[in-house]
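Chemist: could you work out the structure for the sequence below:
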Amino acid sequence: MSKQNKEKANQNGGIKAVLLHLGHNMWCDYLPEDMDNTQLDAGLTPRHGVPDTVLRSKDELWNRAIDRMVAHKLNMLVIDIGEGMVFPSHPELAIEGSWTPEKIQAEIRRLKALGIEAIPKLNFSTTHNGWLKHYRRMVSSREYYRVCEEVIRDTGEIFGTPRFFHIGYDEETFSHQEGSGYFRYICIRNRELWKHDFLHIVGTVEKNGMRAWTWSDYGWSHEDFYDWCPKSVLMSNWYYDECNGGFELAENQTSDHKILKAFYDLDKAGFEQVPCGTNWSGWARRKANIGADDVIGRLVALCRRDLNPALLKGFMMAPWASCDTEEHLAFVNHGIDLFAEALW
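Modeler: Below is the predicted model:
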């Protein structure tokens with residue numbers, strides 16, 4: 001395929017997804033009920049590491065983000081659910097303001113009428129499972145597997161058996177949990193156990209008629225992942241150029257090199273991909289005060305240039321901000337604008 005035809009094939013159709021957070025307890029610890037969950041450390045604010053007890057996403061701001069997606073002809077919304085939905089089998093996971101199944105279904109119908117496909121996401125990484133409340137302290141137990149199976153089943157039924165189900169599974173490392181400063185319960189699955197639980201979740205999703213979609217960062221440090229992971233799993237390798245080392249594999253000598261390499265490793269292994277970018281700034285970019293407005297455009301250009309168009313199924317933008325304040329909405333909408341510019 002010529003370079004011109006390859007680029008044309010990548011630009012026509014495909015997934016144009018935005019990740020929005022309905023819940024937010026993917027970034028918290030959850031202590032026993034007889035402990036104070038409101039202040040884990042004197043230096044932590046209620047928005048950092050402490051579980052939300054009231055849903056922070058505001059419907060009016062959420063709707064304005066959707067309007068921005070519609071204006072740019074984006075076609076998929078990945079809903080990071082967390083504690084944001086009432087699970088019929090486990091209502092104890094809900095908080096004040098969590099959306100009922102009926103409200104979720106009405107929103108799915110509204111999105112469909114607007115040309116947007118709704119895809120659920122529940123993060124089963126132990127670094128991002130505060131939404132499971134006390135069940136996060138039962139990881140890899142029989143009770144844990146049962147709860148995971150039931151919330152996946154509930155979600156599939158409420159969403160009408162969507163074609164994809166994002167299972168998260170990112171950043172399950174000691175450094176992510178210890179380095180966050182707010183984890184009191186640190187849990188890391190390793191080697192065969194991580195593999196066992198990952199495949200259990202993938203199998204549960206497939207048993208319920210959906211296709212598992214995952215973050216790909218486990219493969220950065222475990223290249224055997226590409227050998228044993230089922231090819232049915234849709235991959236989202238995320239690259240934010242946090243170290244500001246650039247987008248050329250041969251030239252990037254930073255710790256981000258292994259992340260860039262993963263796009264090519266996944267492609268060579270035959271996985272379908274939806275690469276993910278952002279307008280959120282990593283540490284080096286923040287230090288240099290340069291922002292991240294260039295990231296998504298350069299990522300789209302790189303993947304369209306170098307990856308097999310038959311395996312490149314689209315792209316995703318993750319602003320990593322909730323629809324809870326005007327400031328955060330402006331950041332989300334700016335990310336949506338940058339994404340649309342990169343795609344079109």
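
Chemist: just the C-alpha atoms of the longest strand belonging to the chain, please, in PDB.
Modeler: Ranked by number of residues, the top strand in the chain under DSSP state E is strand 15-21. These are the backbone C-alpha positions of strand 15-21, laid out as PDB (Å, rounded to 0.1, in the frame of the first residue of the first chain):
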ATOM      1  CA  ILE A  15     -12.900   4.700  16.300                       C
ATOM      2  CA  LYS A  16     -12.700   8.300  17.400                       C
ATOM      3  CA  ALA A  17     -13.100   7.900  21.200                       C
ATOM      4  CA  VAL A  18     -13.000  10.300  24.100                       C
ATOM      5  CA  LEU A  19     -12.600   9.000  27.700                       C
ATOM      6  CA  LEU A  20     -14.800  10.700  30.300                       C
ATOM      7  CA  HIS A  21     -15.000   9.900  34.000                       C
END
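
Chemist: any idea of the angle whichever helix or strand comes after that strand forms with strand 15-21?
Modeler: Using DSSP states H and E, the helix or strand that follows strand 15-21 in sequence is helix 59-71. Comparing the axes of helix 59-71 and strand 15-21 via axes from the mean of the first three to the mean of the last three C-alpha atoms, to 10 degrees yields an angle of 170 degrees.

Chemist: how far away is the nearest residue to Asp217 once chain neighbours are set aside from Met26?
Modeler: Among residues not flanking Asp217 along the chain, Asp170 sits closest, at 5.2 Å (C-beta to C-beta, 6 or more residues apart in numbering). C-beta coordinates here come from the backbone N, C-alpha and C atoms, glycine included. Per C-beta to C-beta, to the nearest Å, Asp170 is found 10 Å from Met26.

Chemist: tell me, what's touching the two both at once?
Modeler: Asn123, His128 (C-beta atoms under 8 Å, 6 or more residues apart in numbering).

Chemist: so which elements touch the longest strand of the chain?
Modeler: Secondary-structure packing of strand 15-21 (3 or more C-beta pairs under 8 Å, 6 or more residues apart in numbering; DSSP states H and E): helix 59-71, strand 76-80, strand 314-317, helix 326-343.

Chemist: average pLDDT for the first one?
Modeler: Regarding helix 59-71, the rounded mean pLDDT is 98.

Chemist: buried set for the longest strand of the chain?
Modeler: Buried residues in strand 15-21, defined by neighbour count with 16 or more other C-beta atoms under 10 Å: Ile15, Lys16, Ala17, Val18, Leu19, Leu20, His21.

Chemist: ok, back up a step: for Pro275, find the nearest of the helices and strands packed on strand 15-21.
Modeler: Proximity to Pro275, assessed across the helices and strands packed on strand 15-21 by C-beta to C-beta, is greatest for strand 314-317 (5.7 Å).

Chemist: who's in contact with that closest one?
Modeler: Strand 314-317 is contacted by residues 14-19, 76, 78, 236, 274-279, 296, 299-300, 303, 335-336, 338-339, 342-343 when judged by C-beta under 8 Å, 6+ apart.

Chemist: what do you get for stretch 205-216?
Modeler: By C-beta under 8 Å, 6+ apart, stretch 205-216 touches 119, 121, 152-153, 156, 161-171, 198, 201-202, 232-238, 262, 266, 274, 276.

Chemist: what distance do you get for the residue nearest to Asp217 to Arg56?
Modeler: 21 Å.

Chemist: cool, and His222?
Modeler: 34 Å.

Chemist: quick one: which of those two has more around it?
Modeler: Between His222 and Arg56, counted using other C-beta atoms under 10 Å, Arg56 has the larger neighbour count: 19 against 16.

Chemist: show me where this protein has helices.
Modeler: Taking DSSP state H as the test, the helices found in the chain are 3-11, 59-71, 101-113, 142-158, 174-180, 191-207, 218-221, 225-228, 257-269, 283-288, 295-306, 326-343.

Chemist: which strands and helices sit next to the second one?
Modeler: Other elements packing on helix 59-71 under the criterion 3+ C-beta pairs under 8 Å, 6+ apart are strand 15-21, helix 326-343.

Chemist: what does the third one give?
Modeler: In this structure, helix 101-113 makes packing contacts with strand 117-121, helix 142-158, judged by 3+ C-beta pairs under 8 Å, 6+ apart.

Chemist: got the CA coordinates for it in CSV?
Modeler: C-alpha atoms of helix 101-113 as CSV (Å, rounded to 0.1, in the frame of the first residue of the first chain):
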residue,chain,number,x,y,z
PRO,A,101,-29.4,1.8,35.4
GLU,A,102,-32.4,3.6,33.9
LYS,A,103,-30.5,6.9,33.7
ILE,A,104,-27.5,5.2,32.1
GLN,A,105,-29.7,3.5,29.5
ALA,A,106,-31.4,6.8,28.7
GLU,A,107,-28.0,8.4,28.2
ILE,A,108,-26.9,5.5,26.0
ARG,A,109,-30.0,6.0,23.8
ARG,A,110,-29.4,9.8,23.7
LEU,A,111,-25.7,9.2,22.7
LYS,A,112,-26.7,6.8,20.0
ALA,A,113,-29.1,9.3,18.5
